[in-house]
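Asks: here is my input, please return the structure:
(chains A, B, C and D)
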2 protein chains.
Amino acid sequence: MDFSIGELARRTKVKVPTIRYYEQIGLLLPPPRTEGQQRRYDKNAIARLAFIKHARELGFDIEAIRALLSLQDNPDQSCSVADRIAKARLAEVEERIVSLNALRAELRRMVEECASGRVAECRVIETLADSSHGHGRLAET
Amino acid sequence: MDFSIGELARRTKVKVPTIRYYEQIGLLLPPPRTEGQQRRYDKNAIARLAFIKHARELGFDIEAIRALLSLQDNPDQSCSVADRIAKARLAEVEERIVSLNALRAELRRMVEECASGRVAECRVIETLADSSHGHGRLAET
DNA sequence: CTTGAACCTCTAGTCACTATAGAGAATACG
DNA sequence: CGTATTCTCTATAGTGACTAGAGGTTCAAG
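Replies: Residues are numbered from 1 along each chain as shown, chains lettered A, B, ... in the order given. Next comes the predicted model:
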């Protein structure tokens, strides 16, 4: 019925050091320990960790997840906070897609125009050296 | 003809500490100093820093930029290395766009289905808690 | 009982900066 | 020339979300 951190890692596909890290920053409660101080988990831990994992995959940051978890723990509250967090994340993602599309366009142009000759006439290098590019923060990746 | 680090920062829109950082990691050569040990730059520094800035905006990492700069410094080499670096970056960006599109779809579904009632029946929280989601690393943002 | 995989804590490293502190240098104005 | 303001200097630490490593302990199988 209860199992080790390695088993939890296997079942959730979250790495062992990451689980310990989540405990350290307070996303996971410290579980009971064996006499030898090894952590023992139950299926509630799987559910909570799966929640965290899924939220991370969707790009929510730790603070957002902390808020979402506390909502999950208090199901009588209004869900407007959850809604707001999700909408904010959606807006970020949409903005990001726009700038990555611009990025892709410029990279494609660069690559297509490269004649694979000498650097002296390379469009890749030339494009980078060209200072007439006004875009703000395109990348951040 | 020569100017301070603050002036270079203003002209390239790269922050002063970032310029010093680039010097520290060897992307920019240490410039001459005044008697009082303040850095003095010329227009070559503007060009090089603009190159770096543009490459960063396109999401090239420091190591890639180091390679691109060394190509720029030796224009007789083949440009196939530059081509390869740019293509690799393009591939990264395209992969990223694909996963962000999947992300956007899931977030939209979440947000649309949220009836803004109690958390107990909130689709946002429910979706996150649902462990039947097999996508690998979607986000990383 | 012995082996060896899995576990423990703690510290430091990743990336590309950004922030802060405390001190000295340069410039504008009166 | 004095002084006030702004700029610059170095050095160190912090960011987010982990990941890697050292060095030691515990557990379960055989």
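Asks: which outside residues touch stretch A:72-80?
Replies: By Cβ atoms under 8 Å, 6 or more residues apart in numbering or on different chains, the residues outside stretch A:72-80 that reach it are A:51, A:71, B:114-122, B:124-125, B:128-129. Where you see a C-beta, it was placed from the backbone N, CA and C, and this is true even at glycine.
Asks: quick one: mean pLDDT over it.
Replies: Averaged across stretch A:72-80, pLDDT comes to 85.
Asks: and stretch A:85-95, by the same measure?
Replies: Per-region confidence: stretch A:85-95 scores 94 on mean pLDDT.
Asks: now that stretch, how far from the centre of its chain.
Replies: Chain-centre distance of stretch A:85-95: 13 Å, with Cα atoms, centre = their mean, to the nearest Å.
Asks: would you mark the buried spots in it?
Replies: A:85, A:86, A:87, A:89, A:90, A:92, A:93 (16 or more other Cβ atoms under 10 Å in any protein chain shown).
Asks: adding secondary structure and distance to DNA strand D, write the residues you listed out as TSV.
Replies: Shown next, in TSV, are these (DSSP: H, G, I helix; E, B strand; the rest coil; distance: Cβ to the nearest atom of the strand, whole Å):
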residue	secondary structure	distance to DNA strand D
A:85	helix	13
A:86	helix	16
A:87	helix	18
A:89	helix	11
A:90	helix	16
A:92	helix	12
A:93	helix	14
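Asks: now narrow these to whatever sits close to chain B.
Replies: Among the buried residues of stretch A:85-95, proximity to chain B is found for A:85, A:86, A:87, A:89, A:90, A:92, A:93 (Cβ under 8 Å from any Cβ of the partner chain).
Asks: quick one: what helix or strand has whichever residue of chain A sits closest to DNA strand C in it?
Replies: Using Cβ to the nearest atom of the strand, residue A:6 is the residue of chain A that sits closest to DNA strand C, at 2.2 Å. Following DSSP states H and E, one finds residue A:6 within helix A:5-12.
Asks: list the helices and strands that helix packs on?
Replies: Secondary-structure packing of helix A:5-12 (3 or more Cβ pairs under 8 Å, 6 or more residues apart in numbering or on different chains; DSSP states H and E): helix A:16-24, helix A:43-57.
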